[in-house]
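> my questions are about this predicted structure, shown below with the sequence.
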Amino acid sequence: MNPAEHLTYAVFVNDPPPHGSGFLPNGDPKGGSPVASTLIYGDQDAVLTDPGFTADQAHALGDWVAAKGRNLTDIFITHGHGDHWFAAGLLAERFGARVVATAGTIAQMHVSVAARPLLWDKVYPGIPPSPVTAVTVPGDRLTLEGHDLVMVEVGHADTDDNSVLHVPDLGLVVAGDVIYNGAHIYLGESVTVGGFAPWRAAIDQVEALGARHVVAGHQNRHLDDAADRTIAETRQYLDDADDLLKTESTAVGFFNTMIDRYPDHLARTVLWAGTSAIYGVREHPGAEAGPILIAGWLT
Ligand SMILES: [Zn+2]
């Protein structure tokens, strides 16, 4: 019997919430990035990943989950960035589910909660109360109707302490923000680790899992989840950014060149936030990175 016969997955991509205000250097109104949630389910039970961050997103996602008719046992969070989990409490309450993450991610969730009044609530209205209720599980491993769901810590990607969910019986990795798919990558936190080398190492760890399917945390819903393509494109984007950072002297120049290079990528606001942070750090050597990273989202 095929071990995956009664196990499958589906992806729901939530639209980004409306942005409070402002425009990008090219005149586009500011926005956000679509957030992908994955439901892994068997005959009866299901596990959900990264449930988004506004009450509206929780409502849309919750209705989609409910229509699958499974018992939602756990909600797994890949990393601390609030756009992936601030709505977790609403989903946990609606379905009577537990929120789970690695210890590293839970620590980063507290960092995001502390940043809410400085950053998230200034930019995006409609975020519900977001106490950190996530717990670790023994061995960072869940079992869903006899199938292993393994949390694999891969370190820094677009923030610290990322983990991905490996489902060997599905040839699936739910990769959070280690892999992107048709959306601009958040580059800002590379300033805290001296560049993209740690992220490249995280991508190598995802690739080594040998999955055929990779679900990226931010994606264009019209694209597939082919592991080889999404991994190669994420590497290429980081390489392009790295090369351009060596030659481009201004944030606006970097932004314009990247949107020319990736005209169909979603989430230009994410590109601009990261670009502002990198050039802000460059222009203020010795200054603390934290406030500059936050300012990247507000300028
Ligand atoms: Zn993200």
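That came in fine, so what should we check first?

> from here on, contacts and neighbour counts on C-alpha atoms
Noted.

> buried sites along the longest helix along the chain?
In the chain, assigned by DSSP state H, the helix with the most residues is helix 227-247. Neighbour counts over helix 227-247 (16 or more other C-alpha atoms under 10 Å) mark 227, 230-231, 233-235, 237-238, 241, 245 as buried.

> got those residues as a markdown table, with pLDDT and distance to residue 73 columns?
Below are these laid out as a markdown table (pLDDT from 0 to 100; distance: C-alpha to C-alpha, whole Å):
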| residue | pLDDT | distance to residue 73 |
| --- | --- | --- |
| 227 | 98 | 27 |
| 230 | 98 | 29 |
| 231 | 98 | 30 |
| 233 | 98 | 33 |
| 234 | 98 | 32 |
| 235 | 98 | 34 |
| 237 | 98 | 36 |
| 238 | 98 | 36 |
| 241 | 97 | 40 |
| 245 | 97 | 44 |
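
> ok so residue 128 is a strand residue?
No - Residue 128: not assigned to a strand; according to DSSP: H, G, I helix; E, B strand; the rest coil it is coil.

> going forward, count from 880.
Sure, I'll start numbering at 880, so the last one becomes residue 1007.

> how about the strands in the stretch 930-1079 of the chain?
950-955, 977-979, 1020-1023, 1026-1034, 1041-1046, 1051-1055 (DSSP state E, counting those that start in this stretch).

> can you say which of those strands is nearest to residue 899?
strand 1051-1055 (24.7 Å; C-alpha to C-alpha).

> as PDB, could you dump the C-alpha coordinates of that closest one?
Extracted as PDB, the C-alpha positions of strand 1051-1055 are listed here (Å, rounded to 0.1, in the frame of the first residue of the first chain):
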ATOM      1  CA  LEU A1051       6.900  17.700   0.900                       C
ATOM      2  CA  VAL A1052       8.600  20.500   2.700                       C
ATOM      3  CA  VAL A1053       6.600  23.500   4.000                       C
ATOM      4  CA  ALA A1054       9.500  25.900   3.900                       C
ATOM      5  CA  GLY A1055       8.100  29.200   5.400                       C
END
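
> tell me what that strand is packed against?
Strand 1051-1055 is packed against strand 1041-1046, strand 1092-1095, with contacts defined by 3 or more C-alpha pairs under 8 Å, 6 or more residues apart in numbering; DSSP states H and E.

> most packed of those strands?
strand 1041-1046 (a mean of 28; mean count of other C-alpha atoms under 10 Å).

> quick one: average pLDDT of that strand?
Averaged over strand 1041-1046, pLDDT sits at 98.

> circling back: list the helices and strands the longest helix of the chain packs on?
Counting by 3+ C-alpha pairs under 8 Å, 6+ apart, helix 1106-1126 packs on helix 1076-1087, strand 1092-1095, helix 1130-1140.

> tell me how far that helix lies from the chain's centre.
In this view, helix 1106-1126 has its centroid 17 Å away from the chain centroid, taken as C-alpha atoms, centre = their mean, to the nearest Å.

> now the angle from it to helix 1130-1140?
Note on geometry: by axes from the mean of the first three to the mean of the last three C-alpha atoms, to 10 degrees, helix 1106-1126 and helix 1130-1140 are set 150 degrees apart in direction.

> so where is this protein shaky, pLDDT-wise?
Residue ranges of the chain with pLDDT under 70: 880-884.

> what about residue 1040, neighbour count?
20 (other C-alpha atoms under 10 Å).

> right, I mislabeled it, should have said residue 910
22.

> so it: helix, strand or coil?
Residue 910 ends up coil, using three-state DSSP.

> how far away is it from residue 960?
Residue 910 sits 17 Å away from residue 960, going by C-alpha to C-alpha, to the nearest Å.

> now do the contacts for residue 1085.
Shown in contact with residue 1085 (C-alpha atoms under 8 Å, 6 or more residues apart in numbering): 1033, 1043, 1052, 1054.

> ok, those residues vs residue 975, which is closest?
residue 1043 (23.2 Å).

> next, count neighbours for the residue nearest to the closest one when sequence neighbours are not counted.
Nearest residue to residue 1043, sequence neighbours excluded (C-alpha to C-alpha, 6 or more residues apart in numbering): residue 1054, at 4.7 Å. Neighbour count of residue 1054, defined by other C-alpha under 10 Å: 26.

> just residue 981 next, same as before
26.

> residue 1156 touches residue 1177, doesn't it?
No - using C-alpha atoms under 8 Å, residue 1156 is not in contact with residue 1177, being 10.5 Å away.

> those two: which is more packed in?
The neighbour comparison of residue 1156 against residue 1177 (other C-alpha under 10 Å) goes to residue 1156, with 27 against 16.

> tell me the secondary structure at that one.
helix.

> ok, now which ones touch it?
1067, 1070, 1171-1175.
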